[in-house]
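J.: sequence first, then the predicted structure, then my questions.
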Amino acid sequence: MILVSLVAVLFVTALVAGPDRDTLMAAARGGGFFAPVAAVVGSALLVAAMVPRTWLAFAGGALFGSLAGAVYVLVGVTVGASLAFLVGRLLGRSFVSAKLRGRFALIEAAVARRGVWAVVVCRLIPIVPFAISNYAFGTTSVRPRQMIAGTMLGALPANFAYAALGAATMQQDWLGAKVAGGCVLALGACGVMGTYLVWRRRPHAVAPVSLTKSLTT
């Protein structure tokens, strides 16, 4: 309950107090060395407050260019996801581990066994909310270093695609925007396909009849 309340407060705060476009543009152009630091820290805090990472990547590309913006936001997103993971670990792990039963216990065991790749897959499939999964992974047995590595690998493709789209849009490079938009759509299609494959291979609870039969034979 504490974890859910904290996440809700962070999200509302980001909506109410978030900087507008003009403020961000002025800071990026006149901030010098501190602008990239602000981009990383801001991305981290906004991700922890459940702002979509794709918005941040688009804004990073628009403000700093496709490559620099993507790198700054990727670092910030990874830091923010790690912070949310630690909050989930501190506030939710004990409660969740005590309540795991049946299929949910099987899913948690499968996630913990796959580690880095479980995080990568969750970052790539579109139906898994990135911000919520950061906190949710903290309640599992996934290790912090697995969370960090999986987040960087899984978030990298979409992060660069949206940053390129933001940069092309800001520069009014419509051909570049079409190419970047095509990459975004391709990533979405691959994510949908990956979602289907993951769903087909989801853990199933052992049926009582089958279990009884196996014990008696």
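T.: Noted; the coordinates are in hand.
J.: going by C-alpha atoms from here, please, whenever you check contacts or count neighbours.
T.: Noted.
J.: how about the longest helix along the chain: buried residues?
T.: When secondary structure is assigned using DSSP state H, the longest helix within the chain turns out to be helix 66-99. Residues 66, 68-89, 91-93 are the ones in helix 66-99 that count as buried (16 or more other CA atoms under 10 Å).
J.: same question for stretch 49-57.
T.: Within stretch 49-57, the residues that count as buried by 16+ other CA under 10 Å are 49-54, 56-57.
J.: same for the longest helix of the chain, what does it pack against?
T.: For helix 66-99, the elements it packs on are helix 2-17, helix 34-48, helix 53-64, helix 130-138, helix 144-170, judged by 3 or more CA pairs under 8 Å, 6 or more residues apart in numbering; DSSP states H and E.
J.: poorly predicted segments of the protein, please.
T.: 1-32, 92-112, 126, 194-217 (pLDDT under 70).
J.: if we can go back for a sec, and the angle for the longest helix of the chain with helix 144-170?
T.: With axes from the mean of the first three to the mean of the last three CA atoms, to 10 degrees as the basis, helix 66-99 and helix 144-170 are set at 140 degrees to each other.
J.: just the angle between helix 66-99 and helix 130-138, please?
T.: Put simply, helix 66-99 runs at 40 degrees to helix 130-138, going by the same axes, to 10 degrees.
J.: angle of helix 66-99 against helix 34-48?
T.: Between helix 66-99 and helix 34-48, the angle formed by their directions is 30 degrees, by the same axes, to 10 degrees.
J.: next, the angle from helix 66-99 to helix 53-64.
T.: Between the axes of helix 66-99 and helix 53-64, defined by the same axes, to 10 degrees, the angle is 160 degrees.
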